[in-house]
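Novice: just the structure for this:
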Amino acid sequence: MIAGHIVRIMGTKNTKPRSRVMRIGHRKVKALGVKPLALGDLYHLGLTVSWPKFVLAFAVVFLVLNTLFACLYALGTDAIANMRPGHWADYFYFSVETLATVGYGDMHPRTDYAHIISGIEIFTGMSVITLVTGLTFTRFSRPRARILFAKVMVVGQHDGRRTLMVRMANQRHNMITDANAKLWLTRFESSKEGSRFRRIHELHIERSQNPMFALSWTLFHPITESSPLWGCSLEELTEAEASFVLTFTGLDETTSQQMNARNAYLLEDVQWDHQYVDILTSVDDGMTQIDYTRFHHTRKETP
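Specialist: So this is what the prediction gives:
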């Protein structure tokens, strides 16, 4: 019993929970007691890592594999024909040709050992190329919505009511049908028992659907008695660490794929008693002009 108690104490003392820092929107979250998924979920990592890191990782794998197999070829005795004596680089060049299944013909395996190693390398090269090709195709084929979100939200008067407004635009200028937008408020609230937790409220949007979204779209949430924002002061929202999340879905007519996009706004990203500057104007020839240089601009409401 005493020995078991000592083992439990030592185990508790030496065991430290693993931690992982994640970014969720604007927030950084440190998760304790989770296993790192980088090596256990390479497919997800290959799809989410940036293009420069993806290409760099493939180049590193390519160099490491060729160096490894070049060393294996060098362990053999006169394994590769037509090699320059004393030139280790020729082992590397032959490995590159074999891994890529090119085979120029000037160098080739001479011994059974070299044939076995080259067979293993060809299998490895075909497997790696297949995986990289699949990941590259998936990265290119994933639908990407090019939605431009205004940098700030505004609260001002609209149709005689105090309204929360946010603007977005379709950067491709093609047609997105059945477009839907949802706006959410997240804030900390306290239960009757005194527990503090983050709660999510959906904010009603006037005209939350757009049958043909091609240019710009402004969303309006009236702050009425039914709104979670009704009667909330700026100080109360600040204390509750309030933030907003805007989600968008729609069908891209060009690719016939479902588009998804989202954007998050902190409370400091909301400008009170402001309006968006108008970006649609009519020019002399009767054509409508949209000025995206003013897309993020706002103006103070006049009393």
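
Novice: make sure Ala57 is actually in contact with Val49.
Specialist: Yes - contact criterion C-beta atoms under 8 Å: Ala57 and Val49 qualify, at 7.3 Å. C-beta here means a position set from N, CA and C on the backbone, and glycine is covered the same way.

Novice: in which helix or strand would I find Leu251?
Specialist: For Leu251, the element it lies in under DSSP states H and E is strand 243-252.

Novice: which elements pack onto the biggest helix by length in the chain?
Specialist: Secondary structure of the chain per DSSP state H: the longest helix is helix 112-141. Packed against helix 112-141 by the contact rule (3 or more C-beta pairs under 8 Å, 6 or more residues apart in numbering; DSSP states H and E) you find helix 42-48, helix 51-75, helix 88-99, strand 108-109.

Novice: looking at the top strand by length along the chain now, give me its mean pLDDT.
Specialist: Ranked by residue count and defined by DSSP state E, the top strand of the chain is strand 176-190. Averaged across strand 176-190, the pLDDT comes to 93.

Novice: what's the burial count for Glu235?
Specialist: Glu235 has 8 neighbours, counted by other C-beta atoms under 10 Å.

Novice: any idea how far Thr247 is from Phe149?
Specialist: 11 Å (C-beta to C-beta, to the nearest Å).

Novice: which one of the two has more residues nearby?
Specialist: Counting neighbours by other C-beta under 10 Å for Phe149 and for Thr247 shows that Phe149 has the greater number, 19 against 14.

Novice: quickly list what that one is bridged to.
Specialist: Per DSSP bridges, the residues bridged to Phe149 are Met168.

Novice: which ones are touching the closest residue to Ala150 other than its chain neighbours?
Specialist: Distance criterion C-beta to C-beta, 6 or more residues apart in numbering; nearest residue to Ala150, sequence neighbours excluded, is Arg167 at 4.2 Å. For Arg167, the contact set (C-beta atoms under 8 Å, 6 or more residues apart in numbering) comprises Phe149, Ala150, Ser216, Trp217, Thr218, Leu219, Tyr276, Phe295.

Novice: repeat the analysis, applying 6 Å as the threshold.
Specialist: Ala150, Thr218, Tyr276 (C-beta atoms under 6 Å, 6 or more residues apart in numbering).

Novice: quick one: the residue nearest the centre of the chain and Arg262, what's the gap?
Specialist: The geometric centre of the chain, computed from its C-alpha atoms, lies nearest to Thr48 (C-alpha atoms, centre = their mean), at 5.8 Å. Separation of Thr48 from Arg262 (C-beta to C-beta): 15 Å.

Novice: that older thread, out of the helices and strands packed on helix 112-141, which is closest to Asp178?
Specialist: helix 42-48 (25.9 Å; C-beta to C-beta).

Novice: and the closest one, what does it pack against?
Specialist: Using 3 or more C-beta pairs under 6 Å, 6 or more residues apart in numbering; DSSP states H and E as the contact test, no helix or strand touches helix 42-48.

Novice: can you do 7 Å?
Specialist: Identification of packing neighbours for helix 42-48 by 3 or more C-beta pairs under 7 Å, 6 or more residues apart in numbering; DSSP states H and E yields helix 112-141.

Novice: pull out the buried residues from the helix it packs on.
Specialist: Using 16 or more other C-beta atoms under 10 Å as the test for burial, helix 112-141 gives Tyr113, Ala114, Ile117, Ser118, Glu121, Gly125, Val132, Leu135.

Novice: okay, helices next: where are they in the stretch 201-303 of the chain?
Specialist: 234-239 (DSSP state H, counting those that start in this stretch).

Novice: show me where it has strands.
Specialist: Using DSSP state E, counting those that start in this stretch, the strands of the stretch 201-303 of the chain run over 209-213, 216-222, 243-252, 257-266, 270-272, 274-276, 280-282, 288-290, 298-300.

Novice: what are the buried residues along the third one?
Specialist: In this case it means strand 243-252. Quick answer for strand 243-252 (16+ other C-beta under 10 Å): Ser243, Phe244, Val245, Leu246, Phe248, Thr249, Gly250, Leu251, Asp252.
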